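Engineer: I'll drop the sequence and a predicted model, then ask my questions.
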Amino acid sequence: MPDFSIGVDLGGTNLRIAAVSAEGQLLEKVTLGTKVILGRDQVINEMCDAIQRLSAKYKATGRLLGAGIGIPGIIDMQTGMLRKSANLPGWEEYPVRAEIERRLGAPVVLENDANVAALGEQWLGAARGVPNVAAVTLGTGIGGGIVLAGKIWHGMNGMAGEFGHVTVEPEGRPCGCGNHGCAEQYASATAIMRMAREAIASGEAPSLAQAASSDPEFGARSIYNLAIQGDEHARRIFRSFGRYLGILLAGLINVLNLDMFVIGGGVSSAWDAFAPNMFEELRERSLVYAATAPTDPLSSDARGKEGAAAQTESRTERKTIITRALLGSDAGLYGAARVAVSAG
Ligand SMILES: [Zn+2]
């Protein structure tokens, strides 16, 4: 068996760990019931125990190259400490990397969760074989990661890729980051629910009001289902979503001129509902996109047969491809395993 590394996805609710071969083959994946709410020390204990169990098993036949840990928050790459993490209270100003390295006796890399998701998609997912890629993760908020020549672009100190806090509406809604009109206030699951609540409160969206009162799990997915069934109020929400996502992407394309932009995260499954408006906005707002757009951008969705053909064709013609992520929630696990290899 081959050399391997460990990837860890430390989410806001649970903890997933995988052993991945240096070639990208998944050897084993475990999900721990560890509740992040139990606190830092408990989480680190259980994480290290699980990493040690996995590595003992695969060390019999291959070398452990290191461990990568994807964490939601802003990480200081130099010190291996968390600067800011809304989901991990009590982790700031604690030597996370040093402590885990001490326990494991192997090199450990801490990395932002959206950065490892971008690297995972570039290594083994939608952007496999494409060297320069940005990934946008649409979830509760918006995460972003930039991969250049197969490596995460960190910026000066690891804070690059904060796409969610780019302004898309100058006098827009206040954001937790201190700015107004951030992209994640308009193009995230939270934004979809906010727009639905506003439509219901206006009294002009009876179909949404009815769904909200009858569906105990009413959420972004329910609104998407209504949209694809043709409900006008739900469709309007996704048109607005697509428009703002397009404004964000137009700026990224103009600045970065990358080969590919991968759209992932839970809300990317609503692609059909928002993508047409996103592409419309891109053509209107980005000269770089207008000059490099594939003939039929919607068919460049990597999942379709036509999409694969469109991608092959566009790579020879150097087109800007915007496509859906392929690895789902495993992107971060693979990317975390990959950063461990490149660091080890
Ligand atoms: Zn913000």
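Structural biologist: Okay, I see it. Numbering: from 1, shown residues only.

Engineer: Going by C-alpha atoms from here, please, whenever you check contacts or count neighbours.
Structural biologist: Noted.

Engineer: In the stretch 51-200 of the chain, what residue lies closest to the ion?
Structural biologist: H165 (3.9 Å; Cα to the ion).

Engineer: residues contacting the closest residue to that residue other than its chain neighbours?
Structural biologist: Leaving aside its sequence neighbours, H165 sits nearest to C182 (Cα to Cα, 6 or more residues apart in numbering; 4.7 Å). With contact taken as Cα atoms under 8 Å, 6 or more residues apart in numbering, C182 is in contact with 164-169, 172-175.

Engineer: how close does C182 sit to L88?
Structural biologist: Using Cα to Cα, to the nearest Å, C182 is found at 22 Å from L88.

Engineer: Would you tell me whether stretch 69-86 gets close to the ion?
Structural biologist: No: using Cα under 5 Å from the ion, stretch 69-86 stays clear of the ion, coming no nearer than 12.9 Å.

Engineer: pLDDT (mean, whole number) over that stretch?
Structural biologist: For stretch 69-86, mean pLDDT rounds to 86.

Engineer: what comes into contact with it?
Structural biologist: 7-12, 87-88, 91-98, 108-114, 116, 157-159, 332-333, 336-337.

Engineer: Just the endpoints, please. Distance across that stretch?
Structural biologist: With Cα to Cα, one end of stretch 69-86 sits 17 Å from the other.

Engineer: buried residues in it?
Structural biologist: By 16 or more other Cα atoms under 10 Å, the buried positions in stretch 69-86 come out as 69-77, 80-82, 84-85.

Engineer: cool, and stretch 177-189?
Structural biologist: So, applying 16+ other Cα under 10 Å, buried residues of stretch 177-189: 180-189.

Engineer: repeat for stretch 96-107
Structural biologist: 96-98, 100-101, 104, 107.

Engineer: Looking at the residues you listed, which is nearest G203?
Structural biologist: Closest approach between the buried residues of stretch 96-107 and G203, by Cα to Cα: V96, at 49.6 Å.

Engineer: bridging residues for the residue lying closest to the closest one once chain neighbours are set aside?
Structural biologist: Nearest residue to V96, sequence neighbours excluded (Cα to Cα, 6+ apart): M81, at 5.7 Å. M81 has these beta-bridge partners by DSSP bridges: D76.

Engineer: on that earlier part again, hmm, Y186 and the residue of the stretch 51-200 of the chain closest to the ion touching each other?
Structural biologist: No: H165 is beyond contact range of Y186, at 10.7 Å (criterion: Cα atoms under 8 Å).

Engineer: what does the stretch 151-300 of the chain put close to the ion?
Structural biologist: Counting by Cα under 5 Å from the ion, the stretch 151-300 of the chain sits next to the ion at 165, 175, 177, 182.

Engineer: residue contacts, the first one?
Structural biologist: Read that as H165. 177, 179, 182-184.

Engineer: Turn those into CSV, columns for secondary structure and pLDDT.
Structural biologist: Shown next, in CSV, are the contacts of H165 (DSSP: H, G, I helix; E, B strand; the rest coil; pLDDT from 0 to 100):
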residue, secondary structure, pLDDT
C177, coil, 90
N179, coil, 96
C182, strand, 98
A183, helix, 98
E184, helix, 96
